[in-house]
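> okay, predicted coordinates and the sequence, questions at the end:
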Amino acid sequence: MGRFGLSTRTSTFGLVALLCGTVLSGCSAPSLLITPVSGKRDLVETVLQRDSIWARDKIALIDVTGVIMNAPTPQLLGEGEHAVSYLLEQLAMARRDPKVRAVILRINSPGGSVVASELMYDEIRHFREAGKPVVAVMMDVAASGGYYIACACDEIVAQPSTVTGSIGVVMQLVDLSGTMEMIGIRSNAITSGDFKDAGSPFRALRDDERKLFQGIVDDMYGRFVKVVAEGRPNLDEAAVRELADGRVFTATQALEHGLIDRITIFREAIKQIRERIGAKRVQLVTYRRRTDYRPNYYALGPPNPPQQVNLIQLDVPLMSSAPRFMYLWAPGR
């Protein structure tokens, strides 16, 4: 027992000596850095780029990424940001700061719900009343609801490889009646009217129900066409309707059809906005939660990317069986 105790003390001393020797010799060893952070969740400004230490004027960079929903983004451990609320919060900060001369709305989204797209569009239009220009800069995809939002801006710029367009509305319904019949399950709905359970996934869609939903889709489509025509003065509603059959366009095609104003890389877009506001030196700033980190203007990716199994994306908000009207480009969904 005595020898065992001596051996234990000796091996412990050896381990401590080894660790001390590693540290003193400058060798890389595993480390744990604990940094206290504020519990506040309000937004703070982060400078992403500064032309010089004398730069006072600011351009605010605001991102719209991922599927746009009028609800908090679902995450594995709790709820994420509410896309509309988050946009409004950032616009409010840019409006209050007299040094912010312009806003870049960087869009990387296939679109989303009709209501969320409309709310964002309205908030951007309202912000422009402050006299600060808003320039939409499209990234990988700015389709359907993403393009709808861009139409609220003073100018639309795309990257050379951007995909945009998809002007239109989709309502996706699921019919599980065949599967239910195979496994011997039947659904019975007691309703107060013929259309109360219209769109139910438990039975086939009737012709009169299809006509009803088509009317709603057509009405929302008309609103989309009007928004594009208002945002693109070189296009009237008839011209927009010729383009608005749901197809997507490359940046070159979109420019030819008048859906965007320019094609340029992001760095050049910043330079052109600086010239637009007549500022020689600017700071490019963004707004973030206190626990976030943004080292530069490429550091933000789409929040909560959908899970992917083989070629099928599992996007929880869109898998609901409830009918939903969408300004969304989602081929194969």
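Structure received.
> for Arg206, grab the count of nearby residues.
12 (other C-beta atoms under 10 Å). Where you see a C-beta, it was placed from the backbone N, CA and C, and this is true even at glycine.
> which residues are in contact with stretch 247-263?
138, 143, 147, 155-166, 228, 232, 234-235, 239, 243, 272, 329 (C-beta atoms under 8 Å, 6 or more residues apart in numbering).
> okay, and which of the residues you listed map to strands?
When these are checked against strands (DSSP state E), the matches are 138, 143, 155-158, 163-165.
> low-confidence regions, the stretch 201-333 of the chain specifically.
The model of the stretch 201-333 of the chain has pLDDT under 70 over residues 291-325, 327, 329-333.
> where is the longest helix in the chain?
Counting by DSSP state H, the longest helix found in the chain is helix 207-231.
> which residues in the stretch 201-333 of the chain form helices?
Counting by DSSP state H, counting those that start in this stretch, the stretch 201-333 of the chain has helices at residues 207-231, 237-243, 251-257, 266-276.
> tell me which residues of the longest one come out buried.
This points to helix 207-231. Across helix 207-231, burial judged by 16 or more other C-beta atoms under 10 Å covers 209, 212-213, 217, 220-221, 224-225, 227-229, 231.
> cool, stretch 162-180 as well?
Here stretch 162-180 shows 162-170, 173, 177 as buried, counting by 16+ other C-beta under 10 Å.
> gap between it and the chain center?
Its chain's C-alpha centre and that of stretch 162-180 lie 20 Å apart, by C-alpha atoms, centre = their mean, to the nearest Å.
> send me that stretch as PDB with only the CA atoms.
Taking C-alpha atoms only, stretch 162-180 is exported to PDB below (Å, rounded to 0.1, in the frame of the first residue of the first chain):
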ATOM      1  CA  THR A 162     -26.500  35.700 -59.400                       C
ATOM      2  CA  VAL A 163     -29.700  33.800 -60.100                       C
ATOM      3  CA  THR A 164     -32.800  36.000 -59.800                       C
ATOM      4  CA  GLY A 165     -36.400  36.300 -61.000                       C
ATOM      5  CA  SER A 166     -38.900  33.600 -60.300                       C
ATOM      6  CA  ILE A 167     -41.700  36.200 -60.200                       C
ATOM      7  CA  GLY A 168     -44.800  34.400 -59.100                       C
ATOM      8  CA  VAL A 169     -46.800  32.600 -56.400                       C
ATOM      9  CA  VAL A 170     -46.900  29.000 -55.400                       C
ATOM     10  CA  MET A 171     -49.200  27.100 -53.100                       C
ATOM     11  CA  GLN A 172     -48.100  23.500 -52.400                       C
ATOM     12  CA  LEU A 173     -50.800  21.000 -51.200                       C
ATOM     13  CA  VAL A 174     -50.200  17.400 -50.200                       C
ATOM     14  CA  ASP A 175     -52.600  14.600 -51.000                       C
ATOM     15  CA  LEU A 176     -52.200  11.600 -48.600                       C
ATOM     16  CA  SER A 177     -55.500  10.000 -49.400                       C
ATOM     17  CA  GLY A 178     -54.000   7.200 -51.600                       C
ATOM     18  CA  THR A 179     -51.600   6.200 -48.900                       C
ATOM     19  CA  MET A 180     -54.300   6.400 -46.200                       C
END
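> mean confidence score for that stretch?
In this model, stretch 162-180 carries a mean pLDDT of 89.
> mind putting the buried residues of stretch 162-180 in CSV, distance to Asn188 included?
Formatted as CSV, the buried residues of stretch 162-180 follow (distance: C-beta to C-beta, whole Å):
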residue, distance to Asn188
Thr162, 49
Val163, 45
Thr164, 46
Gly165, 43
Ser166, 39
Ile167, 40
Gly168, 35
Val169, 32
Val170, 30
Leu173, 19
Ser177, 13
